[in-house]
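Visitor: Starting from these lines, generate the structure:
(one chain, ligands or ions: 1)
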Amino acid sequence: MGKRRRHQPPFEVEITGLGKSGTGLGTAPDGAPVQVRFAPPGSRLHVVPAGRRKGMWQARRTAMIRPPVSVVPPRCGQFALCGGCQLQELGIEAQRVARTNKAMADIEAKGTSLADVQIHPTRFTDDTYNYRNKVELSFGVSRYLSEADHAKGFAIDGRFLGFHAAGRFDRVVDAPRCEIAQEPLNAVLKATREVLLPEEGPALYNVRDNTGFLRHLLLRMGVTTGEVMAVLYTATPLSNAEREAAMAWGEAISALTIDGATVTSVQWAINDGVADVARGATEHLWGEERIHERLGDVIFDLSATSFFQTNTAGAIVLYDTIGEALTSESRTLLDLYCGTGSIGLYLADRVDTVIGIEEREDAVQDARRNAVRSGVTATFTAGKVEHHLSSLAVPGAAMVVDPPRAGLHPKVALALATADADELVYVACSPASLGRDAAVLQAGHWKLTDLWTVDLFPHTGHIEMVGRFVRTNR
Ligand SMILES: C[S@@+](CC[C@H](N)C(=O)[O-])C[C@H]1O[C@@H](n2cnc3c(N)ncnc32)[C@H](O)[C@@H]1O
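Guide: Prediction:
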């Protein structure tokens, strides 16, 4: 094949599938793949190339020439800027097909054939909007604008609260509301904007020179209990006016009443670090430090930092699917990468004991507290799974692994490949990692027999997966 030209004028492209993080994929006139943001599969777009990396064009959509068959109007006012929910223009069923197809292709690309694996229909909940129980927003002095708004002369500098623009650490997409967040969280967001964003309010943090006061806002909700938490992260106040503004925010938010939900935990926390993260030491607390969520019979205690699935109804569908995938009569459930213990505790009534391993000490403490409150016999160990390989040898156990996106540590995959357990269920947020790890497990004494997809994050590029492995040497 001849050398490909690097220059590529604007062109039209058929979007045939999904790329990374919900982007659309097509083929450029020179035959190379092209990845486009906000490009629903099934559409034909006019695009302008913005560069080429590792043989793939990155291009910007300038016009939709032909919409996909199942086109729907996006609900979000920040659509095409925020980037969190790039697939809103595609009907939800078509989205699920596109996301599932990509996940299956990613698994096979890593050497795991799905030819004789039973693929179950995608599971989902009714709420395709207003499903997130947690959002993190950033205050910012520069906003990200569309080219059209830029051309209209809209100001970039000002006082904003929203989500980070993709690839722009210093710009926020101003967000009066978030369509995928639970409505009570939008009510707290609205009230926060009214109290803190007016011109006379305290200085907003500027990540370019690390100056200013207001940094982040974290909102989370126990959907089943109606308890809402709001945390305002600021730098150390440099004046009485800043301190008073934070206190006034706390008073206003803690007094908020929202249909069917109650703000029970309001916190002001200080973060003087340069890392742009919503973390910090509590300076003032109104109400309780924690909120609660209930899944089945288990009540979960959630702090500002506790890991918890961000779609509560979706988590129940996911955990029920894991329960269905576990078919043996095992009396011990090994919950690896257990976070706050949610999978093991939710399924605890099927076994005598739950053993969990998780690297984050705070999550393990949450898991222990959750177990005691729920009356479950469980042992949770803090540490990396790869440092506890001897704990994986539990004859007759049922094992559930739910690793982060990177998947299993190679030592863990090798140890599990010949582990003396009865069954193994792999929960994956990264299909590529599942594909890579499944190849190692199948080189041992496991066989992947069933695969489920669960739509936890409508309108994004994600699809959660549950794989059932059975022993082949029995
Ligand atoms: C996808 S989350 C799963 C959490 C939990 N199973 C749930 O459903 O809520 C992955 C978890 O693995 C933990 N983790 C990441 N690397 C780890 C490691 N090497 N060893 C143990 N835990 C790890 C993370 O802190 C996180 O809680």
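
Visitor: Nearest residue to Leu336 in space, ignoring adjacent ones along the chain?
Guide: Leaving aside its sequence neighbours, Leu336 sits nearest to Val401 (C-beta to C-beta, 6 or more residues apart in numbering; 4.5 Å). C-beta here means a position set from N, CA and C on the backbone, and glycine is covered the same way.

Visitor: Just say helix, strand or coil for Arg193.
Guide: The local conformation at Arg193, judged by DSSP: H, G, I helix; E, B strand; the rest coil, is helix.

Visitor: tell me the contacts of Leu285?
Guide: Leu285 makes contact with Ser265, Val266, Gln267, Trp268 under the criterion C-beta atoms under 8 Å, 6 or more residues apart in numbering.

Visitor: repeat for Ala203
Guide: By C-beta under 8 Å, 6+ apart, Ala203 lies in contact with Thr211, Gly212, Phe213, Leu214, Glu242.

Visitor: Please tell me how far it sits from Ala278.
Guide: 18 Å (C-beta to C-beta, to the nearest Å).

Visitor: got the residue ranges for the helices in the stretch 151-300 of the chain?
Guide: Counting by DSSP state H, counting those that start in this stretch, the segments of the stretch 151-300 of the chain that form helices are 183-196, 240-254.

Visitor: If you count neighbours, what's buried in the longest one?
Guide: Okay, so that is helix 240-254. Neighbour-count burial for helix 240-254 flags Glu242, Arg243, Ala245, Ala246, Trp249, Gly250, Ala252, Ile253, Ser254 (criterion: 16 or more other C-beta atoms under 10 Å).

Visitor: again with the first one
Guide: Within helix 183-196, the residues that qualify as buried by neighbour count (16+ other C-beta under 10 Å) are Pro184, Leu185, Asn186, Ala187, Val188, Leu189, Ala191, Thr192, Arg193, Val195, Leu196.

Visitor: Please verify my assumption that Phe308 contacts Asn133.
Guide: Yes: counting by C-beta atoms under 8 Å, Phe308 touches Asn133, with 7.4 Å between them.

Visitor: so what's the closest residue to Arg66 other than its chain neighbours up against?
Guide: Distances taken as C-beta to C-beta, 6+ apart put Arg44 closest to Arg66, at 4.0 Å, once the chain neighbours are dropped. Arg44 sits next to Glu12, Val13, Glu14, Ile15, Met64, Ile65, Arg66 when contact means C-beta under 8 Å, 6+ apart.

Visitor: Among those, which one lies nearest to the ligand?
Guide: For those, the minimum distance to the ligand (C-beta to the nearest ligand atom) is 29.5 Å, reached by Ile15.

Visitor: what about Pro121, distance to Ala98?
Guide: 15 Å.

Visitor: same thing with Gly111?
Guide: Distance, Gly111 to Ala98, by C-beta to C-beta: 23 Å.

Visitor: which of the two has more neighbours?
Guide: Ala98 (25 against 13; other C-beta atoms under 10 Å).

Visitor: Reformat the contacts of Ala203 as a markdown table; add pLDDT and distance to the ligand.
Guide: Output for these, formatted as a markdown table (pLDDT from 0 to 100; distance: C-beta to the nearest ligand atom, whole Å):
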| residue | pLDDT | distance to the ligand |
| --- | --- | --- |
| Thr211 | 94 | 32 |
| Gly212 | 96 | 31 |
| Phe213 | 98 | 31 |
| Leu214 | 98 | 28 |
| Glu242 | 97 | 34 |
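
Visitor: about what we covered before: format the contacts of Leu285 as a markdown table; extra columns: distance to the ligand.
Guide: Shown next, in a markdown table, are the contacts of Leu285 (distance: C-beta to the nearest ligand atom, whole Å):
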| residue | distance to the ligand |
| --- | --- |
| Ser265 | 20 |
| Val266 | 25 |
| Gln267 | 22 |
| Trp268 | 26 |
